[in-house]
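Undergrad: Mind folding the following:
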Amino acid sequence: RGMMLSLMLHALLLALTLVAAAGASTSPSHHLPTDKNTHQNTSPHLRVRGGSSMPQSLAELVEETLSSNRKILVVTGGVLSGIGKGVTASSIGVLFRAMGLRVTALKIDPYLNVDAGTMSPFEHGEVFVLDDGGETDLDLGNYERFLGVCLTKNSNLSTGKIYQTVIERERIGDYLGKTVQVVPHISDAIQEWVLRVAKTPVSQVSTLADHEGKSSAGTLPPEVCIVELGGTLGDIESMPFVEALRQLQEHLGYKNMCFVHVSLVPVLGSPSEQKTKPTQHSVKTMMQLGLRPDLICCRGKEPLEPGTKRKLSLFTSVPENAIISIHDVSNIYRVPLMMMEQNVPSMLAQRLRIHPYVKRRDTTLKYAASDNVACVKDTALIKSWTKLADSVDEPESECRIAIVGKYCDQGDAYLSVVKALTHSAIATRQRLRIEWIVASDLTIEDDGRKGKEARKDAWDRLRRCDGIVVPGGFGTRGFDGKMAAITYARESKTPFLGICLGMQAAVIEYARNVLGRPSAHSSEFAEGLAKDYDDAVIFMPEGDRQRMGGTMRLGARETILKDDSIARRAYGKERIMERHRHRYEVNPALVPPLEAAGMHFVGRNTDGSGERMEVCELDPTAHPFFCAAQFHPEFTSRPESPNPLFHGLLQASKEHAK
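TA: Modelled structure (predicted):
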């Protein structure tokens with residue numbers, strides 16, 4: 001009996017303790033100590049799990065995203081790198097555009113570099129320059145060309161950038177003495193970055209569809225943000241980003257964020273068989289990290305067989321119709337059309353609860369889409385895109401263009417140049433053939449058998465071409481070969497376009513061989529040049545010789561074109577904006593004698609740092625098309641709107657081929 005009474009007493013005390021605790025938990029919050037960096041979830045509109053533990057800045061961004069009904073789509077990759085995540089993300093963006101939605105994009109690169117500006121083209125491909133001077137991954141070029149927008153430097157996020165941001169915040173005391181860790185501080189900073197980019201308006205350039213005019217450019221926030229996670233899932237350097245994206249989906253909710261996984265389905269054996277095991281393991285790795293794919297895009301040479309789809313669906317728990325075949329096609333512009341034929345727009349609209357599958361939370365906000373966004377086949381944009389893809393496969397003639405450069409062994413090093421040539425070939429209804437000429441092969445001094453054969457082969461291929469492009473680059477290797485190609489283009493009247501270093505090489509070649517100054521050179525490559533006589537190219541006065549990253553003349557700058565020039569006729573206007581990336585420029589002191597000798601500097605820039613030479617050309621009576629630019633016209637070329645200088649080159653090459 002005593003034991004029974006003791007147990008009853010303990011139970012009563014426990015009950016009283018729980019009641020007291022419950023009463024304390026319901027007491028007014030001002031009786032409890034609070035952290036000023038902790039968000040108190042007082043908004044009735046904020047539907048966030050774990051919202052009370054989020055930093056105020058992140059909670060506000062989450063609330064803004066939810067209230068705007070903005071959607072996030074993440075593209076990941078498995079099995080191997082370079083599998084086509086960028087093209088897949090860009091193609092999905094085209095489908096969202098066809099739905100009538102405003103789209104932006106973010107590329108996440110897990111490397112420690114702050115940006116791509118100091119990375120070798122041999123290792124990383126080209127550096128794509130944005131209007132605001134951002135030096136970014138080449139995938140942002142795909143985004144701009146497919147989405148018809150101008151992105152910002154924040155649209156490329158690297159591990160170096162995010163750690164730099166967090167460390168700077170720690171140095172100024174933002175974390176109030178807390179131990180700064182990967183989780184939650186790095187992961188929170190990544191989520192904030194994604195949501196800030198997702199809501200930042202992006203300006204539109206020329207578009208394929210009439211309904212996407214410029215009236216809304218730069219004024220309305222995007223409705224969809226496509227995030228590409230670079231590298232391969234499972235890489236150690238991408239782990240903080242994976243965790244941040246997992247947390248972000250928890251905060252935004254299942255209906256507002258989805259994942260598209262790009263994987264490889266190889267074909268092996270005899271008879272050949274599509275192998276699903278690499279994709280199975282890739283999805284398994286993804287799920288172990290806390291992410292689940294909503295669509296799986298399978299790369300391969302041939303379309304996926306029904307049996308392959310069924311097997312993948314069984315082992316990945318992804319519906320069979322959400323296993324998308326991304327097989328090889330005749331040209332890159334057919335990828336969005338291929339995805340449309342597999343009902344991807346409807347699946348995305350349903351997965352992300354885009355109208356007509358759900359009504360907006362706030363009825364005062366309206367989609368820019370038609371009544372049924374999933375039916376995109378008959379939209380103006382898809383019709384124009386189909387016409388664009390067809391025109392690539394149905395040319396009237398063929399042209400052969402030589403790219404004389406330093407990085408020809410790495411095709412991605414000149415990706416935007418190739419794309420710009422392709423856009424202009426489409427516009428002039430030509431099939432483009434590119435001859436990759438290693439510049440140093442044109443001037444090989446080795447008189448041995450291999451040296452002679454390489455030199456002869458390079459010159460034979462150059463002479464077969466209808467046009468010549470000398471793109472930008474750095475370093476002395478191959479510079480003499482570039483000048484040799486320019487001499488040939490000038491003397492043989494072969495259409496020529498020089499870009500950045502290509503323009504500087506053209507000026508030096510002209511100073512040596514026409515102006516009669518054989519010692520003329522660039523101060524980048526030679527020392528002790530006679531001032532204002534032999535130094536045809538000089539270091540810019542405001543340049544920084546000590547720091548490499550972000551110290552060049554970068555971004556969009558205005559150029560004023562002279563009347564009756566080739567460039568002015570090509571652009572059709574006096575003032576143009578083009579993107580730059582250089583440290584050296586043509587010496588203004590040599591301009592008068594060069595112009596007296598026949599080289600005309602028809603494009604100039606006045607930006608407060610002195611007059612700069614931007615475009616030079618030869619008179620049309622002396623050469624059908626000889627033009628060079630200090631800026632990079634390839635960065636502003638679009639499939640539906642080729643850059644005028646490249647268009648002029650391809651038109652002249654078409655005439656030359658006749």
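
Undergrad: how about the helices in the stretch 251-400 of the chain?
TA: 277-288, 306-316, 335-341, 344-351, 380-393 (DSSP state H, counting those that start in this stretch).

Undergrad: Present those helices as CSV; the columns should include distance to Tyr407.
TA: Yep, even glycine has a C-beta here, placed from its N, CA and C like the rest. Formatted as CSV, these follow (distance: least, Cβ to Cβ, whole Å):
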stretch, distance to Tyr407
helix 277-288, 31
helix 306-316, 38
helix 335-341, 26
helix 344-351, 35
helix 380-393, 25
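
Undergrad: Run through the stretch 351-500 of the chain and note the low-pLDDT ranges.
TA: For the stretch 351-500 of the chain, applying pLDDT under 70 flags the ranges 356-374.

Undergrad: circling back to that earlier point, quick one, which of the helices of the stretch 251-400 of the chain gets closest to Asp457.
TA: helix 380-393 (29.1 Å; Cβ to Cβ).

Undergrad: Can you mark which positions in the closest one are buried?
TA: Neighbour-count burial for helix 380-393 flags 381-382, 384-386, 388-389, 391-392 (criterion: 16 or more other Cβ atoms under 10 Å).

Undergrad: which of those lies closest to Glu655?
TA: For the buried residues of helix 380-393, the nearest to Glu655 is Ser391 (19.8 Å; Cβ to Cβ).

Undergrad: ok, now how distant is that closest one from Glu305?
TA: 31 Å (Cβ to Cβ, to the nearest Å).

Undergrad: cool, Leu176 as well?
TA: In terms of Cβ to Cβ, Leu176 sits 58 Å off from Glu305.

Undergrad: Looking only at neighbour counts, state which of the two leads.
TA: Glu305 (13 against 8; other Cβ atoms under 10 Å).

Undergrad: which residue packs closest to the more buried one, ignoring adjacent ones?
TA: In space, and not counting its chain neighbours, Glu305 is closest to Gln274: 5.9 Å by Cβ to Cβ, 6 or more residues apart in numbering.

Undergrad: So what pairs up with that neighbour in the strands?
TA: Bridge pairing for Gln274 (DSSP bridges) gives the partners Val267.

Undergrad: ok now do it, which residues does it touch?
TA: Neighbour list for Gln274: 265-267, 300, 302, 304-305, 308 [criterion: Cβ atoms under 8 Å, 6 or more residues apart in numbering].

Undergrad: if I read this right, Arg604 contacts Arg612, doesn't it?
TA: Yes: applying Cβ atoms under 8 Å as the test, Arg604 and Arg612 come out as touching, 6.6 Å apart.

Undergrad: out of the two, which sits in the more crowded spot?
TA: Arg612 (20 against 17).

Undergrad: Return the per-residue confidence for the residue nearest to Glu305.
TA: Per-residue pLDDT puts Gln274 at 94.

Undergrad: how near is it to Tyr584?
TA: 52 Å.

Undergrad: With Val149 instead?
TA: 31 Å.

Undergrad: could you dump stretch 612-629 to CSV, C-alpha only?
TA: The C-alpha atoms that make up stretch 612-629 are tabulated as CSV, following Å, rounded to 0.1, in the frame of the first residue of the first chain:
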residue,chain,number,x,y,z
ARG,A,612,39.9,54.6,-77.1
MET,A,613,40.0,52.8,-80.4
GLU,A,614,37.2,50.3,-80.6
VAL,A,615,36.7,49.4,-84.3
CYS,A,616,39.1,49.5,-87.2
GLU,A,617,38.5,48.6,-90.9
LEU,A,618,39.9,48.9,-94.4
ASP,A,619,38.0,50.8,-97.1
PRO,A,620,35.5,48.6,-99.0
THR,A,621,37.2,49.6,-102.2
ALA,A,622,40.4,48.0,-101.0
HIS,A,623,39.0,45.0,-99.3
PRO,A,624,35.4,43.5,-99.3
PHE,A,625,35.3,43.0,-95.5
PHE,A,626,38.3,43.7,-93.2
CYS,A,627,37.0,44.6,-89.8
ALA,A,628,38.3,44.3,-86.2
ALA,A,629,36.9,45.2,-82.8
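
Undergrad: Now stretch 426-442: buried residues?
TA: Result for stretch 426-442 [16+ other Cβ under 10 Å]: buried residues 426-428, 430, 432, 434-442.

Undergrad: for stretch 347-357, same thing?
TA: For stretch 347-357, by 16+ other Cβ under 10 Å, it's 347-349, 351-355.

Undergrad: the more surrounded of Val149 and Tyr584?
TA: More crowded of Val149 and Tyr584, by other Cβ under 10 Å: Val149, with 25 against 21.
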